[in-house]
Every structure is written in structure tokens, then in C-alpha cells.
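*Asks:* Curious how this folds, go ahead:
(chains A and B)
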Protein chains: 2
Amino acid sequence: MRTVKLLIAFDGTGYCGWQRQKNGFSIQEEIERSLSVICNEQIILHGAGRTDAGVHAQGMTAHFKTYSKVDGTALQKGLNSLLPGAIRILEVSDQPADFHARFSALAKTYRYTIFTSQVMPPNWRLYTYHLPFKLDRSIMEQCLGELLGTHDFSSFETTGSRDKNNNHGRGGMRTIYRARLVEPEEHIVLLQFTGDGFLRHMVRNITGTVLEVGRGKRTVKEFVQILRCKDRNKAGATAPSCGLSLVKVHYQKDW
Amino acid sequence: MRTVKLLIAFDGTGYCGWQRQKNGFSIQEEIERSLSVICNEQIILHGAGRTDAGVHAQGMTAHFKTYSKVDGTALQKGLNSLLPGAIRILEVSDQPADFHARFSALAKTYRYTIFTSQVMPPNWRLYTYHLPFKLDRSIMEQCLGELLGTHDFSSFETTGSRDKNNNHGRGGMRTIYRARLVEPEEHIVLLQFTGDGFLRHMVRNITGTVLEVGRGKRTVKEFVQILRCKDRNKAGATAPSCGLSLVKVHYQKDW
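*Replies:* Below you'll find the predicted structure:
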């Protein structure tokens, strides 16, 4: 039996998220359906994690087990011909039997994209959060610096939502390895986070709060207090899902 | 009575094109409806030209006459709050009474975007033509060079479609001032055309044929023969609308 890993990009607009759900179309379901056709057996796909409705991915990963002998190149071509253009398989690779898309992952990188000018270009609107305000880069970077290292991020977790299967007994403890702000061009701000794991809505809740600091609605000191108080009710608004993209899932090989 | 010019960007996906039509939603209709609400009178919008279903714009222009006294800034804000995100008003300006979005235009610039790698990124799929083949830049540039100047472009016009109102008695004669190929990053090819006017489907028909030359399916010599023979049946396939964008309409002021 083979263990096969997929590297996946998707446009999450209109999907209920990665995970199969009763109400709505999921990315997982779309790929499982096409995989089952190509492999000629029922395929269960294990993703590196969940993504919320409307969140995008440039580098989601997943694995599945199969008896099929269809090689990687043919699998990729077959999937990309069956799947809608919103979901693309970037790579297919055979892995050792103990590889698991979620449990073998060492870290993930998410990127949040904000457009700060007055009028949002129509072709960016599904992939970018429109926040037409001047943002203070320097104080936002101070906030990002405070996130580095291991903390209890419960203040930035959506309440009552903890996924016990994904928890590893860590509670709200997570480690952020890198958090940076990039301005690739005028009026575009990217917030990029690499960590060993993220609580539900954590990137969007951190982003929403950092943006409030950037607009001058809160201070860095308040941001630090929010992080330390472990109380979701103190944090800022959840930034909208369309601005978020899962950029990369890191494994031993490239870490 | 005022004459007001709009500079407009739109995502043409899902629209039947610029012009009002019985079947389908048009950009013109969407803007006219919102304008009529804001100006509190029936507004007729005159565009700089038509665009096909699915074609995008970064710099479409249009004008209208109104008795309304709502100033440009308020008009822009009002329109952008009423219109769907697929249509954005970039600028509003009062013009002399004889300004006409179409008849005052000296030239237009269109850009066609092609993605040449194997797997199309999901968030580009609505704005880019996927042609996963190696293209020979040098011979495509030779074709573009042949287009410069004044020619009868009937070979690149969709048959039976000539818009007599837009013809000015010129038949198929049009002047191309500039035609160039740009590769802003790997696997992205832009074909950009500036001309005094374009026949129906002309940019997409030229692009389709130039791409056939770039892939080695036709020679530059054949391309020149097609241009000279004035017979649409000789040209290549019409490139899909999603790759095309109206970049700019040029007026006296900036020409």
C-alpha cells in the first residue's frame, strides 16, 4: 500500500473550507471524489489542518493511502483535469508509510494580505482585505515581535472551538517562529506568520488586533496585555477570511 | 448641464460585456442604475467602446450628462458603495461640454495575459489565458512589429460583426502605434497593443494567431500573409476573453 502526499493550491472563495461538511462544498471532498475515480477505490484524504471557509492556499498538503499503481505524474494530470480550476495539484509524491500530512508537519506559514488604498482593484477583491487606512508599520512590527516564542494564545482563539484531536494536550500553547510585515508594493501590506501550529482563527484574530494597533485604535502595550490575559473577549475583531492564505506546510526535509 | 467622465476598472467575469443587452448583466447597466439613484434622474452612460463578455478593464472610460450637483468625490464614493466589488470607479471628473468618451478618445491600450507553465495558480485563472507551451519570444516580436502602422485588419475582425457606428467610414483600416511583448516574471507573457481603434475581437484574434506562431504552428511569413489577405478565415483561433484587459483610453491631455 502506498502513502501519497499532495501539494495543493486553492481559491477558497465559495468553499466551506478544507474539511468535509454536511452543508457546503469542501476542498477535501472535491479532491477525494476525483482521487477515488482515478485510483478506482474509496480514498480518504488527511489534510495538514483545517482552513476556514473562504481562506485560500498556495501550499496546503494532504496524504492518502492507496493500492492504486497510477504514478505521481499521471495522478497529478488526472486530478487537474477532473478538479475545478479553483483547486490545483502542484505536486504528487510517494512518501514513507509513516508519513502523515498533519502529524509529520513541523510548522506552517500563513500570509495575510491587506490593501490600504481607497479603491480596491476588482481582481484582488477575493484575495485581499480592504482596509483603506494609513497603517503604522513600526508599531505593527513591535506587536509581531511580541508574538515570537512560546505563549498561551487563548486570547486569539475563537471561543469554544478547540479541536481536541489537534491539541496534543498543549492547551493554547503554541510557538511562533517568525512573524513579519512586508510591503511588496505601495498600499499592500502582508503579515506572515510561521508557527508550530495555530489555534482556530488565531491568525485572523491576531491580524485583526495588530491592524487595530496599526490604525492607532490600540497601543502595543494593550496588545501585550491582550496576549497575556488569555481572554478572547479582549482581542480585536477577526480579520475576514478572504485575506488569508496557507503558504506552506513545513516538514523535516525542508525545515 | 454637466458632462462627467468616469474612469472605471472591472472584473468582467460573469458579465455579458460593457454594453447593455437583453440577456445578461452588463457593466454599463450596473453603473447606470447606481448613477441614476445618486443623481436622482435617468442617466445614460456613453462608454469609450464595447468590451466582450468576460473581458476585464483597468482603465475603461465613460461619460454622462447630468443636472445633478453632486460633486465628483461624493459621486465616486456613492458609486463605489452601491456597485458590486467587481466594478470600481477610479476617478470622476467634470469635462467640457463637447467631451465624448468615445469620440474624444485618440487611442486605446489593451493587454493580453498568458500563463505558460503547467499548473495555473487558482487565483489567476479568471484573469489569464492558460497556454502551457514554450513560446518563442523573438518570432512573436517579429509578428508584433508587422502590425505597426496603418493596415486593413479585416483578417482579424470577427466576420459580420462590424459596428457601423464605430466605423467612421474607415472599413477595416486601423493604426497600431505600439505592440510589445513583456515577460514580467517567469511563465507570464503580456502582449500589449496601443492603437487608434480595434475591430471586434481584433486583439483576441491577433493574439490567437501570434500565439500559434510562438508555438511554431505557423511562421512569421504566414502571419504577414494573413494580415495582407484580409480574410478572417485564414487567421488563428480567437484567444479567450478572460486574458484580455482594457488598460487605458488615451485622450488629448495625456497623449
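*Asks:* Name the SS class of the residue of chain A most remote from its centre, please.
*Replies:* Going by CA atoms, centre = their mean, the residue of chain A most distant from its centre is residue A:69, 31.2 Å out. Here residue A:69 is coil, with the state taken from DSSP: H, G, I helix; E, B strand; the rest coil.
*Asks:* Look up phi and psi at it.
*Replies:* When quoted as degrees, to the nearest 10, the phi and psi of residue A:69 stand at phi -100, psi 10.
*Asks:* How about the closest residue to chain B within the stretch 151-255 of chain A: what's its closest non-neighbour residue?
*Replies:* Per CB to the nearest CB, residue A:245 is where the stretch 151-255 of chain A lies closest to chain B, at 8.8 Å. For glycine as for every other residue, the C-beta is placed from the backbone atoms N, C-alpha and C. For residue A:245, ignoring the flanking residues on the chain, the nearest one in space by CB to CB, 6 or more residues apart in numbering or on different chains is residue A:56 at 4.3 Å.
*Asks:* now do residue A:134
*Replies:* Distance criterion CB to CB, 6+ apart; nearest residue to residue A:134, sequence neighbours excluded, is residue A:116 at 7.1 Å.
*Asks:* Residue A:249 against residue A:57, yeah?
*Replies:* No. When contacts are counted by CB atoms under 8 Å, residue A:249 is not listed as touching residue A:57 (9.4 Å).
*Asks:* Tell me the buried residues in stretch A:176-195?
*Replies:* Neighbour counts over stretch A:176-195 (16 or more other CB atoms under 10 Å in any protein chain shown) mark A:176, A:179, A:181, A:189-195 as buried.
*Asks:* Which single one of those residues is nearest to residue B:122?
*Replies:* Relative to residue B:122, the closest of these is residue A:190; by CB to CB it sits at 18.4 Å.
*Asks:* and that closest one, what pLDDT?
*Replies:* Confidence at residue A:190, expressed as pLDDT, is 98.
*Asks:* I'd like the next helix or strand past the stretch of helix or strand residue A:174 belongs to.
*Replies:* Mapping residue A:174 onto the secondary structure by DSSP states H and E places it in strand A:173-182. Downstream of strand A:173-182, the next assigned helix or strand under DSSP H and E is strand A:188-195.
*Asks:* circling back: just the buried residues of stretch A:176-195 now: which is nearest residue A:91?
*Replies:* Nearest to residue A:91 out of those is residue A:194 (CB to CB; 20.2 Å).
*Asks:* so what are the domain limits for chain A?
*Replies:* A:2-95, A:107-250 (automatic domain parsing).
*Asks:* By mean pLDDT, show me the worst of these.
*Replies:* Here the lowest mean pLDDT among these goes to domain A:107-250, at a mean of 92.
*Asks:* what's the span of that domain, first residue to last?
*Replies:* End-to-end distance of domain A:107-250 (CA to CA, to the nearest Å): 5 Å.
*Asks:* Kindly report the same for stretch A:49-62.
*Replies:* 9 Å.
*Asks:* again with stretch A:240-249
*Replies:* End-to-end distance of stretch A:240-249 (CA to CA): 22 Å.
*Asks:* Touching it from outside, list them.
*Replies:* For stretch A:240-249, the external contacting residues (CB atoms under 8 Å, 6 or more residues apart in numbering or on different chains) are A:12-13, A:48-49, A:51-61, A:101, A:105, A:107-114, A:125-129, A:192, A:203-204, A:207.
*Asks:* From those residues, which land in helices?
*Replies:* Judged by DSSP state H, the contacts of stretch A:240-249 include A:203-204, A:207 as members of helices.
*Asks:* Distance-wise, check the closest residue to residue A:8 other than its chain neighbours relative to residue A:203.
*Replies:* Distances taken as CB to CB, 6+ apart place residue A:60 nearest to residue A:8, at 4.4 Å, with adjacent residues excluded. Remark: distance between residue A:60 and residue A:203 (CB to CB, to the nearest Å) = 14 Å.
*Asks:* likewise residue A:135?
*Replies:* 17 Å.
*Asks:* more crowded one of these two?
*Replies:* Each of residue A:135 and residue A:203 has its neighbours counted (other CB atoms under 10 Å in any protein chain shown); residue A:203 has more, 28 against 19.
*Asks:* ok, the more buried one - contacts?
*Replies:* Contacts for residue A:203 (CB under 8 Å, 6+ apart) come out as A:110, A:112, A:193, A:244.
*Asks:* need the strands for chain A, in chain order.
*Replies:* A:2-10, A:46-47, A:56-66, A:87-95, A:107-115, A:129-130, A:149-152, A:173-182, A:188-195, A:244-250 (DSSP state E).
*Asks:* want to try CSV for the buried residues of stretch A:176-195, with distance to residue B:220 as columns?
*Replies:* Compiled in CSV, the buried residues of stretch A:176-195 are given as follows (distance: CB to CB, whole Å):
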residue, distance to residue B:220
A:176, 56
A:179, 53
A:181, 48
A:189, 46
A:190, 43
A:191, 48
A:192, 46
A:193, 51
A:194, 49
A:195, 54
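*Asks:* which one of those is nearest residue A:85?
*Replies:* Of all the buried residues of stretch A:176-195, the one with the least separation from residue A:85 (CB to CB) is residue A:190, at 24.5 Å.
*Asks:* Nearest residue to the closest one in space, ignoring adjacent ones along the chain?
*Replies:* Excluding its sequence neighbours, the residue lying closest to residue A:190 (CB to CB, 6+ apart) is residue A:182, at 4.5 Å.
*Asks:* same thing with residue A:13?
*Replies:* Residue nearest to residue A:13 in three dimensions, not counting chain neighbours: residue A:126, with 4.9 Å by CB to CB, 6+ apart.
*Asks:* so what's that neighbour up against?
*Replies:* Residues near residue A:126 by CB under 8 Å, 6+ apart: A:11, A:13, A:242, B:123.
*Asks:* between these, which has the most around it?
*Replies:* Among the contacts of residue A:126, residue A:11 has the most neighbours (other CB under 10 Å), with 24 neighbours.
*Asks:* Now it, what are its backbone angles?
*Replies:* phi -100, psi 110.
*Asks:* That one and residue A:84 touch, don't they?
*Replies:* No. Residue A:11 is not in contact with residue A:84 according to CB under 8 Å; the separation is 9.2 Å.
*Asks:* hang on, the earlier thing: how about the strands of chain A in a markdown table, adding distance to residue B:93?
*Replies:* Output for the strands of chain A, formatted as a markdown table (distance: least, CB to CB, whole Å):
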| stretch | distance to residue B:93 |
| --- | --- |
| strand A:2-10 | 40 |
| strand A:46-47 | 50 |
| strand A:56-66 | 36 |
| strand A:87-95 | 42 |
| strand A:107-115 | 24 |
| strand A:129-130 | 23 |
| strand A:149-152 | 52 |
| strand A:173-182 | 34 |
| strand A:188-195 | 26 |
| strand A:244-250 | 36 |
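*Asks:* of all those, which lies closest to residue B:152?
*Replies:* Among the strands of chain A, the nearest to residue B:152 by CB to CB is strand A:87-95 (42.3 Å).
*Asks:* Check which strands are paired with the closest one and give the direction for each one.
*Replies:* In the sheet, strand A:87-95 lines up against strand A:2-10 (antiparallel) (DSSP bridges).
*Asks:* can you state the direction angle for the strand it pairs with and strand A:56-66?
*Replies:* 160 degrees (axes from the mean of the first three to the mean of the last three CA atoms, to 10 degrees).
*Asks:* neighbouring contacts of strand A:2-10?
*Replies:* With CB under 8 Å, 6+ apart as the contact definition, strand A:2-10 has outside contacts at A:27, A:31, A:45, A:56-68, A:72, A:75, A:79, A:86-99, A:101, B:119, B:121-122.
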